[in-house]
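Chemist: What follows is a predicted structure for the sequence shown.
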Amino acid sequence: MEALRASYGDSSSDSDTDDLSPASSIGEKSTSRKHESESIPLPPPPLLLLDSIGSTDFFSTERVRNFPHVDGNYALHVYIPVYIPVLAKKEMVCFLKRVESVVPHLHLVEADVPLNILCKDDQKLEHALGREFHISLGRSVPLRVHQINSVVSMLRQKLQFQRRYVIDFNKWEVFVNDDCTRSFLSLEITTSGLSEISTQIDAVNEVYRLHNLPEFYKDPRPHISLVWALGDIRTSLKLAVDGELRKLRAGGCAKNRIFTSKFCGIDCKVCICNDIEA
């Protein structure tokens, strides 16, 4: 489904935080997939395939959800898209390679290629980090067809006029999903941008509440997730991350922020997809 994306200009803009009246709109760009019969899993694509144009063909761009497929249901996800700057990507490549050397079986978020394969070539891993990441403003929730227009209309009304602001990603953090089936290495927002994002989460919660949809976490911690692993491995992953951060501090390379991004709009996607887990 088309996005609730405001036209705020490109990321190189240095304008301030004046009120905007963006020409945003929400259309319908729903996607569907037929259920396939079970088959023997294929191995991940060889690294050479990532040389193809864009290489994003080998990464899933559909949102992950944590509820079972029901015929007639659509998955809704509201989020802020984020792109990592070039310099930050280079630094993250080094950090993720060191973490991967300690913690096995990691995958880049929404990627079909294991992280250890991407780590064999810095350029491939950097390219993979150039995809769109997201800050969730609400849970991925199921919608019935008759709810779509109402939900989307209310989201547009509440979110189309937003002020520009800066988002600082300044903390490496480990999260685990609700049923502890996946762990995530993420970049959390604890300073600039936190209050604005919290206000946007409140607006989405209000729309969800009016449609009897599950609201977001009581104390949300906005972030983008970069890496995932099966199961609850928060202890080992946290130990690896903390160990690398200690080395950076000892070498005088620690920074107050990992990277900064400008808020560039909000996306609202509705689609039918296979059963996958948040």
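Modeler: Looks like it came in fine. Numbers count the residues shown, from 1 in each chain.
Chemist: For the longest strand seen in the chain, output the C-alpha coordinates as PDB.
Modeler: When every strand of the chain is counted residue by residue (DSSP state E), the longest turns out to be strand 73-82. Below are the C-alpha coordinates for strand 73-82, written out as PDB (Å, rounded to 0.1, in the frame of the first residue of the first chain):
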ATOM      1  CA  ASN A  73      -6.800 -10.200   6.700                       C
ATOM      2  CA  TYR A  74      -4.200  -7.600   5.700                       C
ATOM      3  CA  ALA A  75      -1.000  -6.800   7.600                       C
ATOM      4  CA  LEU A  76      -0.700  -3.100   8.600                       C
ATOM      5  CA  HIS A  77       2.600  -1.500   9.600                       C
ATOM      6  CA  VAL A  78       3.300   2.200  10.300                       C
ATOM      7  CA  TYR A  79       6.900   3.300  10.500                       C
ATOM      8  CA  ILE A  80       9.500   6.000   9.800                       C
ATOM      9  CA  PRO A  81      11.900   4.900   7.000                       C
ATOM     10  CA  VAL A  82      15.600   5.400   7.700                       C
END
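Chemist: which residues in the stretch 151-278 of the chain form helices?
Modeler: 194-210, 234-250 (DSSP state H, counting those that start in this stretch).
Chemist: Determine which stretch of the ones you listed is the most buried.
Modeler: Most buried of the helices of the stretch 151-278 of the chain by mean neighbour count (mean count of other CB atoms under 10 Å) is helix 194-210; its value is a mean of 17. (Each C-beta comes from the backbone N, C-alpha and C, glycine too.)
Chemist: what's the angle from that helix to strand 73-82?
Modeler: Angular relation of helix 194-210 and strand 73-82 on a 0 to 180 degree scale: 170 degrees, by axes from the mean of the first three to the mean of the last three CA atoms, to 10 degrees.
Chemist: what's downstream of the longest strand of the chain, the next helix or strand?
Modeler: Scanning the chain past strand 73-82 towards its C-terminal end, the next helix or strand to appear is helix 86-102 (assignment: DSSP states H and E).
Chemist: can you pull the buried residues of that following helix?
Modeler: By neighbour count with 16 or more other CB atoms under 10 Å, helix 86-102 contains the buried residues 88-89, 91-93, 95-100.
Chemist: Which strands or helices does it pack on?
Modeler: The contact analysis (3 or more CB pairs under 8 Å, 6 or more residues apart in numbering; DSSP states H and E) places helix 86-102 against helix 115-118, helix 122-128, strand 223-230, helix 234-250.
Chemist: now that helix against helix 234-250, angle please.
Modeler: With the same axes, to 10 degrees applied, the angle from helix 86-102 to helix 234-250 works out at 130 degrees.
Chemist: For helix 86-102, the averaged confidence score.
Modeler: Taken as a whole, helix 86-102 has an average pLDDT of 96.
Chemist: Can you tell me what sits against stretch 189-203?
Modeler: When contacts are taken as CB atoms under 8 Å, 6 or more residues apart in numbering, the neighbours of stretch 189-203 outside the stretch itself are 80, 135, 137-138, 158-159, 162-163, 165-171, 216, 220, 222-223, 257, 260, 263, 266.
Chemist: Filter those down to the buried ones.
Modeler: Of all the contacts of stretch 189-203 considered here, the ones buried according to neighbour count by 16+ other CB under 10 Å are 80, 135, 137-138, 158-159, 162, 167-171, 216, 220, 222-223, 257, 263, 266.
Chemist: In strands only, show me these.
Modeler: Using DSSP E, the members of the buried ones among the contacts of stretch 189-203 that fall within strands are 80, 135, 167-169, 171, 223.
Chemist: Dump those into CSV; add pLDDT and distance to Cys271 as well.
Modeler: Putting these into CSV (pLDDT from 0 to 100; distance: CB to CB, whole Å) gives the following:
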residue, pLDDT, distance to Cys271
Ile80, 98, 18
Ile135, 98, 19
Ile167, 98, 26
Asp168, 98, 31
Phe169, 98, 27
Lys171, 97, 31
His223, 98, 23
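Chemist: Convert stretch 126-136 to PDB, retaining C-alpha atoms only.
Modeler: Backbone C-alpha positions of stretch 126-136 (Å, rounded to 0.1, in the frame of the first residue of the first chain) are rendered in PDB as follows:
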ATOM      1  CA  GLU A 126      28.100  -2.000   3.200                       C
ATOM      2  CA  HIS A 127      25.700  -2.300   0.200                       C
ATOM      3  CA  ALA A 128      23.300  -4.400   2.200                       C
ATOM      4  CA  LEU A 129      23.300  -1.700   4.900                       C
ATOM      5  CA  GLY A 130      22.200   0.800   2.300                       C
ATOM      6  CA  ARG A 131      18.700  -0.600   2.200                       C
ATOM      7  CA  GLU A 132      15.700   1.000   4.000                       C
ATOM      8  CA  PHE A 133      15.400   0.400   7.700                       C
ATOM      9  CA  HIS A 134      12.500   1.500   9.900                       C
ATOM     10  CA  ILE A 135      11.400   2.900  13.200                       C
ATOM     11  CA  SER A 136       8.100   1.200  14.100                       C
END
